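> coordinates for the following, if possible.
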Amino acid sequence: MDIGQNLLRKLLDNDCQPCAIIGYLRNDAFFGVDALFLDSGISYEDASRMIPHGLSMCGVWASSEQALITALSHSFIVDMMNDKPGDSSITLAYPDSATLDGPPAAVNITVQRVKSKIATNSKLSSLGTEVAVKLINSEDPKLPNLEWLTNYDVHIIRCFVDLELRVKRRDDSLFWASLNAAFLPLVEELRKPEVAFLLSSITSSGEQRIATVGASEPESAASLTGLTSSPESPITARVLMIPHLGHDASPSSWPAPSFVYEVADSSQGDRVEDLITCPLHVEGVAYIPAGCMVAEALVTTLLSRLEAIKAVMLRQGSVVQVTSHHFLPPGRAHHITIDYPRIKADLESNELILQPYRRQLHTLLGLPMDRPALRVLAAFSLPTSVADKAFSSQQQIQEDRLKDVHMGLPLPGPSEFVHLIHGSYDYHHYMQDRFDDSGWGCAYRSLQTICSWFRLQQYASKPSPNHREIQEILVKLGDKEKSFVGSTKWIGAIELSYVLDEYLGVTSKIITINRGSDIPQHARELAAHFKSQGTPIMIGGGVLAYTLLGVYFNDSTGDCAFLILDPHYTGAEVLPRIHKGTWVAWKRLGDTAAAGGPLFVQDAFYNFLCPQRPKQV
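Sure thing, here's the model as predicted:
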């Protein structure tokens with residue numbers, strides 16, 4: 001069993017809380033191992049629909065042999081074992097308590113494969129066979145751990161179909177029966193032998209390649225030859241309904257399915273008003289290894305997604321729009337698909353309502369509870385065709401923003417003394433958006449950069465506000481007169497704090513420094529901000545405003561430098577020009593600003609606006 005050091009560290013850091021082990025079984029060995037923690041409040045049935053087809057929940061981890069025996073009676077594990085065939089095996093794992101004080105690589109782990117039907121025995125040491133553990137140490141904890149997919153020739157396929165659900169109105173107490181009746185014919189139709197899939201992938205050069213598979217003519221993963229996939233650009237599979245999959249058929253002539261089912265019986269006099277209709281975009285991710293029957297796996301994936309959508313509607317007690325989102329949280333070894341209902345029309349309100357459910361999901365996946373990872377904006381947008389990919393690229397161009405422009409700059413000293421923002425941001429500066437704010441808009445641009453950070457870290461879905469919107473917020477709050485809207489008047493750190501609170505619900509701490517020459521004395525405090533909060537800081541004072549992205553602070557020598565992002569740049573989005581002009585650069589007290597003049601005026605008053613990271617998921 002391959003297990004990553006970061007996963008093992010997570011298991012140990014969670015006080016060895018019991019969890020279900022997920023993996024990809026090949027030749028009696030498990031790869032892509034990950035975990036689902038048991039005490040999240042999410043059932044085994046719901047959790048099993050979140051993992052891609054091709055993976056399975058294959059075992060249990062606990063802190064000791066006795067804790068493992070206790071975990072086997074947990075309802076999640078009981079349901080997992082009952083879902084397995086009688087002759088199947090299950091993996092049981094626990095660490096040797098005598099080795100827990102050492103590093104992960106030194107922890108001894110007992111792993112056994114036993115028959116699932118005897119796994120509840122009170123003594124596990126004599127059951128089954130020992131399984132070797134291979135510790136993988138090449139993971140980056142900030143990135144998904146997906147190397148195993150390439151190593152074992154596993155294709156990633158995103159399959160989808162658009163349907164229409166029609167549910168007959170009945171008494172609320174019979175809603176579950178109405179919903180089951182509406183989903184049943186959809187399930188039956190997807191199981192028909194006429195179902196086929198048009199597969200397509202996009203090469204690195206932008207070329208589209210296609211293939212077809214059909215349930216009536218099963219083909220193994222060999223039919224995927226010539227198609228390429230990656231976690232960011234999987235093979236796509238669109239459902240087609242054709243009577244026969246002929247080799248001379250033209251893909252462009254194949255009709256897309258149109259499933260429309262009326263549960264109401266017209267002979268009983270039911271009217272159109274008695275029906276609730278809802279479009280369903282059914283979408284899932286499957287991991288297809290060599291030798292697997294592709295069409296069968298894709299049909300199974302879509303059927304699982306239908307069940308997941310139905311479960312969401314049953315929990316809501318009504319027919320609602322449900323969207324499947326695919327996530328690759330940091331450190332995980334596979335995609336996670338989560339179905340979110342649309343309860344409110346606007347995204348911000350919907351995200352707020354779903355926060356308790358996301359907390360359960362974070363517990364299930366062992367994700368941090370103080371920062372978002374599963375909001376809609378964090379989901380992968382997976383192109384379905386060359387045209388879609390081109391549209392995505394065009395959308396990127398239209399944003400016309402450089403991101404993370406400090407990347408690649410040489411550090412001012414040893415890296416252990418460098419403290420940077422966490423995550424990404426957009427570089428906002430003078431003259432963008434065809435708007436001339438040269439000479440007065442630097443603080444507005446710094447605010448826009450800060451807002452982009454909160455959006456890109458999924459704390460908010462709102463775009464960065466433009467100058468007029470910022471002014472309107474300040475007028476609405478009573479901080480400015482109506483004549484302020486449309487003016488070219490400056491704003492400072494205090495105004496920025498008002499806007500962040502009103503627009504994003506973000507509170508801020510302000511560090512006041514009476515003289516520019518005293519700024520280095522606050523380097524330790526600024527370094528602590530980047531350690532704990534990681535948000536960009538707006539600097540307001542003198543006649544210029546900047547954005548602070550990081551601090552270099554050697555606590556032994558007192559040496560310090562500041563990573564300044566300067567919004568006064570007026571040129572094109574050309575990174576080498578920005579670097580050459582030091583519009584983003586490490587600077588020290590006494591250095592010159594990129595726009596000319598001193599970076600910090602020695603006798604000027606400065607406010608450092610430090611936005612606080614919301615502790616929410």
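
> what segments of the stretch 301-450 of the chain are strands?
Shown for the stretch 301-450 of the chain, the strands assigned by DSSP state E, counting those that start in this stretch span residues 322-327, 336-341, 418-420.

> buried set for stretch 471-483?
Within stretch 471-483, the residues scored as buried using 16 or more other Cβ atoms under 10 Å are 471-474, 480. All C-beta atoms are positioned from the backbone trio N, CA, C, and that covers glycine.

> from the residues you listed, which is closest to residue 235?
residue 473 (45.7 Å; Cβ to Cβ).

> so that closest one touches residue 503, yeah?
Yes - if you go by Cβ atoms under 8 Å, residue 473 and residue 503 touch, sitting 6.1 Å apart.

> what do the two both touch?
Both residue 473 and residue 503 are in contact with residue 465, where contact means Cβ atoms under 8 Å, 6 or more residues apart in numbering.

> for the residue nearest the centre of the chain, which non-adjacent residue is spatially closest?
The residue lying closest to the centre of the chain (Cα atoms, centre = their mean) is residue 378, at 3.6 Å. Setting aside the residues directly before and after it, residue 378 is nearest to residue 458 in space (Cβ to Cβ, 6 or more residues apart in numbering), at 4.6 Å.

> my guess is the one you found meets residue 348, correct?
No - the criterion here is Cβ under 8 Å, and residue 458 misses it with residue 348 at 11.8 Å.

> more neighbours: which of those two?
Shown here are residue 458 and residue 348; by other Cβ atoms under 10 Å, residue 458 has more neighbours (19 against 12).

> residue 276 sits in which helix or strand?
strand 275-288 (DSSP states H and E).

> next one: residue 547
Using DSSP H and E, residue 547 falls in strand 544-553.

> listing partners with orientation, what would you give for that strand?
strand 418-420 (antiparallel), strand 537-541 (antiparallel), strand 560-565 (antiparallel) (DSSP bridges).

> buried set for the helix or strand following the longest one?
On the C-terminal side of strand 560-565, the closest following helix or strand by DSSP H and E is helix 575-580. By neighbour count, and taking 16+ other Cβ under 10 Å as the criterion, the buried residues in helix 575-580 are residue 578.

> which residues in the stretch 351-500 of the chain form helices?
Along the stretch 351-500 of the chain, counting by DSSP state H, counting those that start in this stretch, helices occupy 355-365, 386-399, 442-456, 467-476, 493-504.

> average pLDDT across the strand holding residue 276?
Strand 275-288 shows a mean pLDDT of 89.

> where are the low-confidence patches of the stretch 201-350 of the chain?
Flagging of the stretch 201-350 of the chain using pLDDT under 70 yields the residue ranges 215-223, 225-226, 231-232, 241-273.

> tell me where it has helices.
Using DSSP H, counting those that start in this stretch, helices in the stretch 201-350 of the chain cover 294-316, 347-353.

> if we can go back for a sec, so which bits of the strand holding residue 276 are buried?
275-276, 278, 280, 282-288.

> name the helix or strand for residue 33, please.
strand 29-37.

> sheet partners, orientation included, of that strand?
strand 19-26 (antiparallel).

> what lies in contact with the partner strand?
By Cβ under 8 Å, 6+ apart, strand 19-26 touches 1, 11, 30-38, 44, 47, 51, 54-61, 76-77, 80, 91, 93, 148, 152, 154, 287, 289, 333-334, 366.

> on that earlier part again, and residue 230, which of the helices of the stretch 201-350 of the chain is closest to it?
Here helix 294-316 is closest among the helices of the stretch 201-350 of the chain (Cβ to Cβ), at 17.9 Å.

> packing partners for that closest one?
helix 44-48, strand 155-168, helix 175-190, strand 195-202, strand 208-214, strand 275-288, strand 322-327, strand 336-341 (3 or more Cβ pairs under 8 Å, 6 or more residues apart in numbering; DSSP states H and E).

> quick one: mean pLDDT over the longest one.
Put plainly, it is helix 175-190. 87.

> ok, the first one next?
Over the span of helix 44-48, the pLDDT mean works out to 96.

> do stretch 513-533 as well
97.

> likewise for stretch 580-592?
On average, stretch 580-592 scores 97.

> now residue 427: how far from residue 445?
9 Å (Cβ to Cβ, to the nearest Å).
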